[in-house]
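Visitor: Curious how this folds, go ahead:
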Amino acid sequence: MAKPTAIVSGAGWIGSFASKLEKALRNLGASDEQIHELVKDGEAPDALVEKIADVLAEAMQAAKNIFCVIVYYSLTLSRMIAAGKYDWVNSDITEEHFPVLRANRGKEKVVVELIHFNRDIDSDGAVRGLDRMGFRPAELPELLAFGAAYREKQREFPIVALGPNSVWRGRRGDRFVVCLGRGSGGRVLYLGCFDGGWISICRFAAVRKSI
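Guide: Presented below is the predicted three-dimensional model:
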């Protein structure tokens with residue numbers, strides 16, 4: 001049997017949620033009659049409850065992929081990398097190959113989201129997909145700030161930044177971007193081929209575009 005404190009706590013949460021839901025509905029223009037129609041004979045319709053549950057589940061899942069980071073644009077690339085304490089870093093990830101566009105930017109708070117297309121995709125397709133969703137690809141400083149702040153996330157799946165200012169054309173003409181991932185030695189910072197494809201487990205670091 002549930003403890004009385006747990007029951008009271010649960011009841012308080014439900015009451016608070018219902019109150020906030022009612023307030024949100026009123027802010028969206030719902031009338032008293034419409035709100036009262038949600039509950040007939042003291043019980044909400046099963047179909048309505050299922051719809052609300054679906055929306056909440058989707059929102060909670062999306063919230064798992066939202067991360068707030070502080071980006072220090074004034075740092076050199078080597079210091080940005082050092083902040084992540086990676087176990088291995090590709091030697092071609094240098095300021096010469098990936099110049100950081102600072103443009104008098106200091107410290108900025110950025111919300112990074114990890115977008116999962118759940119299928120194999122090429123870079124151009126990923127960039128178009130992000131654009132349709134209202135995002136831009138993350139730039140290298142944003143990816144490195146994420147890697148430093150959420151160090152264990154890259155053990156779960158590769159994380160890619162496709163920002164146009166973060167692409168290096170290699171010696172043979174191939175284009176490369178920096179990725180967070182894992183290897184036999186632990187957390188790694190490696191180069192992925194922009195002109196190749198990305199497997200379905202990859203996540204794409206993105207920032208919502210300003211309106």
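Visitor: and the most centrally placed residue in the chain, which of the three is it?
Guide: Centroid check for the chain by C-alpha atoms, centre = their mean gives Glu113 as the closest residue, at 1.6 Å. Put simply, Glu113 is strand when judged by DSSP: H, G, I helix; E, B strand; the rest coil.
Visitor: pretty sure it contacts Phe135?
Guide: Yes. Between Glu113 and Phe135 a contact is recorded at 6.9 Å, counting by C-beta atoms under 8 Å. No exception for glycine: its C-beta is placed from N, CA and C like everyone else's.
Visitor: any shared contact partners between the two?
Guide: Ala206, Val207, Arg208 (C-beta atoms under 8 Å, 6 or more residues apart in numbering).
Visitor: What is the nearest of those to Pro141?
Guide: The nearest member of the shared contacts of Glu113 and Phe135 to Pro141, counting by C-beta to C-beta, is Val207 at 11.2 Å.
Visitor: those helices in this protein, which residues are they?
Guide: 4-27, 32-37, 46-63, 77-83, 123-132, 140-149 (DSSP state H).
Visitor: weakest of these in terms of mean pLDDT?
Guide: Among the helices of the chain, helix 46-63 carries the lowest mean pLDDT, a mean of 51.
Visitor: tally of neighbours for the nearest residue to Glu139 once chain neighbours are set aside?
Guide: Nearest non-adjacent residue to Glu139, counting by C-beta to C-beta, 6 or more residues apart in numbering: Gly163, 3.6 Å away. Applying other C-beta atoms under 10 Å, we find 21 residues neighbouring Gly163.
Visitor: Distance check, the residue nearest to the centre of the chain against Asp131.
Guide: According to C-beta to C-beta, to the nearest Å, Glu113 and Asp131 sit 14 Å apart.
Visitor: Quick one: residues contacting the residue nearest to Glu139.
Guide: Arg136, Pro137, Ala138, Glu139, Leu140, Glu142.
Visitor: Now for Leu162: which residues touch it?
Guide: Per C-beta under 8 Å, 6+ apart, neighbours of Leu162: Ser123, Ala126, Val127, Leu130, Pro137, Ala138, Val177, Phe194, Phe204.
Visitor: ah, wrong one, I meant Lys209
Guide: So Lys209 contacts Gly134, Phe135, Arg136 (C-beta under 8 Å, 6+ apart).
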